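> Generate coordinates for the sequence data below:
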Amino acid sequence: MRYRRQETFRYILPNPRIIPYKLIWEDKELYDGEGLLLNVSSHGLKLRSDYLFPLSNDLQVHFVLDLVPTLQPIELIGYVKHRNQLGTLYDYGIMLDIKLEETQQLVTMIKTYARENK
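Numbering: from 1, shown residues only. Sure thing, here's the model as predicted:
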């Protein structure tokens, strides 16, 4: 499956961060784990995990992003758009289901994080 996230604003974390996530499938929690946040934009992110996510349009990935301690954490929901395997790890391209207000909060968080981690 080929997918390219065409966004002008994508921040690649110089030191990827571990973030918690939950997989929700058919209104039931399927898995609760942690992954490595590699990059993030206003509409998506790239996550690396050792867990093999089922590829289904009904699978929701719930995140809490807390990149900047002085800002309010943001709870986000996304959907897996693609998966690449790297040995025993998997990279997931996740499109966020995000509202305008959350997008603005996320962009503020990314910009603040980038300024503080030059």
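
> Following element in sequence after the strand of greatest length in the chain, please.
As assigned by DSSP state E, the longest strand anywhere in the chain is strand 10-25. Counting by DSSP states H and E, the next helix or strand C-terminal to strand 10-25 is strand 28-41.

> and the angle from that next one to strand 10-25?
170 degrees (axes from the mean of the first three to the mean of the last three CA atoms, to 10 degrees).

> Identify the residues contacting the next helix or strand after strand 28-41?
Next helix or strand after strand 28-41 toward the C-terminus (DSSP H and E): strand 44-49. Strand 44-49 is touched from outside by 5, 7, 16, 19, 21, 33-40, 61, 63, 78, 81, 86, 89-96, with contacts defined as CB atoms under 8 Å, 6 or more residues apart in numbering. For every residue, glycine as well, the C-beta is placed using N, CA and C.

> confidence score at the most centrally placed residue in the chain?
The centroid of the chain falls nearest to residue 45 when counting by CA atoms, centre = their mean (4.0 Å). Looking at residue 45, its pLDDT stands at 96.

> Distance-wise, check it relative to residue 27.
Distance, residue 45 to residue 27, by CB to CB, to the nearest Å: 23 Å.

> cool, and residue 106?
For residue 106, the distance to residue 27 equals 25 Å [CB to CB].
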